[in-house]
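Student: Sequence unavailable; structure follows:
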């Protein structure tokens, strides 16, 4: 009986949201399109993409931004994304984890998946990846 009471008290104490949970909920409320201002950010900053989880390895050329989203938690999709510098919706070029070695060329993005011993490429604006 004492164990049940302790468990009930423990559960009641868990109903409060942590600061991390509150930050995650707040980030989901941000607009997803380019042009949405970031509250408290540097003046002139523009939100280009949201819903990411452990975004890293940002690459930039004259027209696009490309990055890998690790998606280590439930939020966000793991994969390689590209976005025109002028804004718009990020395009998922390659879903999944284990993407490394991004390179941007004139019209294409190249990347490696070491676990598959493979190099891929796809158009920066989206399209079917092909093995190089």
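Tutor: Perfect, thanks for sending it. Keep in mind that what you see is a predicted model, and the values were worked out from it rather than measured.

Student: going forward, measure contacts between C-alpha atoms and count neighbours the same way
Tutor: Noted.

Student: What is the neighbour count of residue 130?
Tutor: 11 (other C-alpha atoms under 10 Å).

Student: a helix runs through residue 115, doesn't it?
Tutor: Yes. Residue assignment for residue 115, taken from DSSP: H, G, I helix; E, B strand; the rest coil, places it within a helix.

Student: How about the contacts made by it?
Tutor: For residue 115, the contact set (C-alpha atoms under 8 Å, 6 or more residues apart in numbering) comprises residue 98.

Student: again with residue 91
Tutor: Residues in contact with residue 91, defined by C-alpha under 8 Å, 6+ apart, are 81-83, 125-126.

Student: and what of residue 128?
Tutor: 93, 122.

Student: Roughly how far does it sit from residue 59?
Tutor: Distance, residue 128 to residue 59, by C-alpha to C-alpha, to the nearest Å: 20 Å.

Student: Strands of the protein, residue ranges please.
Tutor: 36-37, 46-47, 55-60, 64-69, 79-84, 91-95, 100-104, 108-113, 118-123, 130-131 (DSSP state E).
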